[in-house]
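Q: Here is my input; please provide its structure:
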Amino acid sequence: MSDGTALVKLAPERTTGWIHRSFALHEMKRTQEAYDELKPALDTFKNEQLVWYNLACYACVPGNKDEARGLLSKAIKLGGDAVKTQALEDPDLQGVWVSEGEG
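A: Predicted structure coming up:
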């Protein structure tokens, strides 16, 4: 069992385990699994911008741009301009800013 999974089991009410587990999966190029493991956290953490933001990244990387835009929009509503600034520089979200006719 990974440390992230252990954290989720020990303290499911804290975002830490959810976020770290999915980030580790994403870094191991297991982005779909990262998305699938984090998505249920929205039920508990509807107002946590980092959950929405990370899900946007994990949706965008494999090309789900429309879903990523919706998730990112919610993250920006919750976190404000700092989140938008971060997103503009995040390589995982590059596809969100490119329209269908470009890149």
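
Q: give me the number of residues near P12?
A: If you count neighbours by other CB atoms under 10 Å, P12 ends up with 13. The way it works is simple: take the backbone N, C-alpha and C, and place the C-beta from them, glycine included.

Q: Please apply the same query to L25.
A: For L25, using other CB under 10 Å, the count is 21.

Q: Tell me the spacing between it and L55.
A: According to CB to CB, to the nearest Å, L25 and L55 sit 13 Å apart.

Q: for the protein, what spans make up the helices?
A: Here the chain has its helices, by DSSP state H, at 3-10, 15-27, 31-38, 49-60, 65-79, 81-89, 94-97.

Q: could I get the ones you listed as TSV with mean pLDDT?
A: Shown next, in TSV, are those (pLDDT from 0 to 100):
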stretch	mean pLDDT
helix 3-10	69
helix 15-27	92
helix 31-38	96
helix 49-60	98
helix 65-79	96
helix 81-89	95
helix 94-97	90
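
Q: Of the ones you listed, flag the one that's most buried.
A: With neighbours taken as mean count of other CB atoms under 10 Å, those reach their highest mean count in helix 49-60, at a mean of 24.

Q: and that helix, what does it pack onto?
A: Using 3 or more CB pairs under 8 Å, 6 or more residues apart in numbering; DSSP states H and E, the elements in contact with helix 49-60 are helix 15-27, helix 31-38, helix 65-79, helix 81-89, helix 94-97.

Q: Between those, which one is closest to Q49.
A: Closest approach to Q49 among the helices and strands packed on helix 49-60 is made by helix 65-79 (3.7 Å; CB to CB).

Q: which residues sit against that closest one?
A: 47-50, 52-53, 55-57, 59-60, 83-84, 87, 93, 95-96, 98 (CB atoms under 8 Å, 6 or more residues apart in numbering).

Q: Same check on stretch 14-33?
A: 2-11, 34-35, 37-38, 41, 45, 48, 50-51, 54, 57-58, 61-62, 92.

Q: swap the cut-off to 7 Å and go again
A: With CB atoms under 7 Å, 6 or more residues apart in numbering as the test, stretch 14-33 has contacts from 2, 4-5, 7-8, 11, 34, 37-38, 41, 45, 48, 50-51, 54, 58, 61-62.
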